[in-house]
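Q: Next comes the sequence, and after it the predicted model I'd like to discuss.
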Number of protein chains: 2
Amino acid sequence: MIQIDLDLKVKFLRAFGDKTRVQILECIKYEEKTVSQIVDSLDGNQSNISQHLACLRGCGIIEGRQEGKYVYYGLRNQQIKELLGTFDHVLSQIQDDVACCENHIS
Amino acid sequence: MIQIDLDLKVKFLRAFGDKTRVQILECIKYEEKTVSQIVDSLDGNQSNISQHLACLRGCGIIEGRQEGKYVYYGLRNQQIKELLGTFDHVLSQIQDDVACCENHIS
DNA sequence: TTATCATATTAGCTATAACTAATATGTGTG
DNA sequence: CACACATATTAGTTATAGCTAATATGATAA
């Protein structure tokens, strides 16, 4: 039985619940990318993406590495990558349920 | 390579990013409970908990079953239960990283 | 049927997350 | 050094999620 700090857990999980951040994660899932590459891929603005990157980094989900004038971002570790895979796997099984119900708070 | 609708995925993941909902999930992780039992456990108010239950239900994470005048809520299936386990497992490995960084958007 | 209890829903308010625009920092290059 | 480019940060605004209080629905039991 693992004991996890509740606030920490919520902070971590909340990071996955945003469209832009999910797109960033998909973008760097297989290889690290520079901020500009991510901005281009998502067709977003630099400031916004940078803030989301800071969020993901702050939650221990990604990490950045400076190389010359670029900063490369990638998934923090293998567990995170597997977690992303698990999301897709679980969702592929229940997505019809998620889609059909509109009866929710948010 | 699994293909998942992005909006659906975000909707699903967002459901896990709230303190009250995480507590509800922990509360019914091992056995289904009535709404009143959940309200008592969390020391929350009935309306609020009910709305969060609707959210979780709408996202395909839990399901409700009426029995007499009570409604019992439980995790929707085994995959969800495993997913909750995976969260704890991943977090137990990286929680120091999550804790140390404050540099994020939310 | 009326009363009671359990749960759901609604409306309005508050709090927080996300976006935009502007500016700052930091790194390499002429 | 000055300049250009990459990224980060900040302040202010907008959008959205969550809360509270009140009310509605739906089930059972007297």
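A: The structure has been received and is ready for your questions.

Q: quick one, helices of chain A?
A: Using DSSP state H, the helices found in chain A span residues A:6-14, A:19-27, A:35-42, A:46-58, A:78-100.

Q: got a list of contacts for the third one?
A: Contacts to helix A:35-42, defined as Cβ atoms under 8 Å, 6 or more residues apart in numbering or on different chains, come from residues A:20, A:23-24, A:27-28, A:33, A:45-46, A:49-50, A:53, A:70-71, A:73. The way it works is simple: take the backbone N, C-alpha and C, and place the C-beta from them, glycine included.

Q: Show me which of those are buried.
A: Of the members of the contacts of helix A:35-42, the ones counted as buried by neighbours, 16 or more other Cβ atoms under 10 Å in any protein chain shown, are A:20, A:23-24, A:27-28, A:33, A:49-50, A:53, A:71, A:73.

Q: re earlier: how about the helices of chain A in JSON lines, adding distance to DNA strand D and mean pLDDT?
A: As requested, the helices of chain A are arranged in JSON lines below (distance: least, Cβ to the nearest atom of the strand, whole Å; pLDDT from 0 to 100):
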{"stretch": "helix A:6-14", "distance to DNA strand D": "8", "mean pLDDT": "96"}
{"stretch": "helix A:19-27", "distance to DNA strand D": "10", "mean pLDDT": "98"}
{"stretch": "helix A:35-42", "distance to DNA strand D": "3", "mean pLDDT": "97"}
{"stretch": "helix A:46-58", "distance to DNA strand D": "3", "mean pLDDT": "97"}
{"stretch": "helix A:78-100", "distance to DNA strand D": "14", "mean pLDDT": "85"}
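
Q: Can you tell me which residues in chain A are near DNA strand C?
A: On the criterion Cβ under 7 Å from any atom of the strand, DNA strand C has as its neighbours in chain A the residues A:14, A:17-21, A:44-48, A:51-52, A:55, A:66, A:68-69, A:103.

Q: Got a quick ChimeraX command for the buried subset of those?
A: A single ChimeraX command suffices to select whichever of those are buried according to 16+ other Cβ under 10 Å:
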select /A:14,17,18,19,20,21,44,52,55
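
Q: filter the residues of chain A next to DNA strand C down to the ones close to chain B.
A: Restricting these to those within reach of chain B (Cβ under 8 Å from any Cβ of the partner chain) leaves A:14, A:17-19, A:51-52, A:55, A:103.

Q: between those residues, which is nearest A:I80?
A: A:C55 (14.2 Å; Cβ to Cβ).

Q: In contact with A:N48, which residues?
A: Neighbouring residues of A:N48 by Cβ under 8 Å, 6+ apart: A:T20.

Q: just checking, A:G44 touches A:I24?
A: No - taking contact to mean Cβ atoms under 8 Å, the distance of 9.0 Å between A:G44 and A:I24 leaves them out of contact.

Q: And stretch A:34-54, end to end?
A: When the termini of stretch A:34-54 are compared using Cα to Cα, to the nearest Å, they are 14 Å apart.

Q: meant to ask about stretch A:38-51
A: Here the two ends of stretch A:38-51 are set 13 Å apart, with distance taken as Cα to Cα.
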